[in-house]
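K.L.:
here is my input; please provide its structure:
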Amino acid sequence: MARVIDAPLRGIGDFVAMTLDTFVSFPTIVRQGREFVEQSWFIARVSMLATVLVAIPFTVLVSFTLNILLREIGAADLSGAGAALGAVTQVGPMVTVLIVAGAGATAICADLGARTIREEIDAMEVLGIDPVKRLVVPRVAASTFVALLLNGLVCTIGILGGFLFSVLLQGVNPGAFVNGITLLTGLGELILAQVKAGLFGMLAGLVACYKGLYVRGGPKEVGNAVNETVVFAFMALFVVNTVVTAVGVKVLGA
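P.N.:
As a prediction, this is how the structure comes out:
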């Protein structure tokens with residue numbers, strides 16, 4: 001029984017310890033500027049196309065369904081308000097969850113996992129170089145930064161896509177659509193969406209770095225670690241999304 005419980009608890013303890021070390025070492029990011037830029041570009045490169053390809057179908061689905069409902073109740077001119085609210089509060093964060101966990105985090109885990117099995121991490125520790133400061137901090141910062149950018153990109157695609165789809169294919173008045181954008185969506189909703197995106201990016205980066213640094217075995221284990229990264233990141237991000245959304249709605253509604 002003790003052995004069954006020991007492994008999960010040890011894993012949680014290692015993750016918490018690495019997370020605390022990362023937060024404590026975060027000020028060292030000012031000395032890791034080049035690594036931060038390289039990792040930001042690396043994550044953005046593997047995530048950008050996937051973001052666009054996922055955001056467009058989500059946008060079409062939300063706009064199509066919403067416009068049908070609004071037409072039924074005679075409020076088609078409110079499609080802009082619905083599209084903006086859906087893009088900022090739902091589509092943006094949800095697509096960010098999918099892409100950050102499915103593309104960005106797996107790329108980080110595979111990179112660090114390959115370094116670990118080649119004993120590069122052990123060599124760094126022998127030389128007195130802290131892997132958390134040198135590798136984890138810039139990757140977590142880059143993951144957070146790129147998640148913020150992706151959320152902004154998805155929100156923009158959502159509103160523009162909703163406009164084109166509603167106006168060109170469903171006959172919504174362009175002026176009414178534009179005027180309705182800020183009807184339900186304000187600064188508070190934008191801030192909440194960015195806060196969620198930043199938390200998603202940070203958490204996905206931490207999970208990916210942990211699984212990559214603590215992988216044991218050969219290349220097969222790296223593949224398993226990448227798969228586990230996707231599963232654990234999805235689970236954690238959806239929980240965080242639910243909690244932050246509930247808190248944000250309560251604060252904004254107060």
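K.L.:
quick one: Leu98 and Pro57 touch, right?
P.N.:
No - the pair Leu98 / Pro57 is not scored as a contact, 11.5 Å apart, by CB atoms under 8 Å. For glycine as for every other residue, the C-beta is placed from the backbone atoms N, C-alpha and C.
K.L.:
so those two - more neighbours on which side?
P.N.:
Leu98 (18 against 11; other CB atoms under 10 Å).
K.L.:
quick one: contacts for the nearest residue to the more buried one once chain neighbours are set aside?
P.N.:
Residue nearest to Leu98 in three dimensions, not counting chain neighbours: Val54, with 6.1 Å by CB to CB, 6 or more residues apart in numbering. Going by CB atoms under 8 Å, 6 or more residues apart in numbering, Val54 touches Val95, Leu98, Ile99.
K.L.:
same question for Gly102.
P.N.:
By CB under 8 Å, 6+ apart, the residues touching Gly102 are Ala50, Val230.
K.L.:
go on, Ala204?
P.N.:
Contact partners of Ala204, counting by CB under 8 Å, 6+ apart, are Val100, Ala101, Gly104, Ala105, Ser143, Ala147, Ala233, Leu237.
K.L.:
same question for whatever helix or strand Ala193 lives in: list its buried residues.
P.N.:
Element membership of Ala193, judged by DSSP states H and E, is helix 187-213. By neighbour count on 16 or more other CB atoms under 10 Å, the buried set for helix 187-213 is 189-190, 192-213.
K.L.:
quick one: the residue nearest to Leu98 and Phe177, what's the gap?
P.N.:
Taking CB to CB, to the nearest Å as the measure, Val54 falls 23 Å from Phe177.
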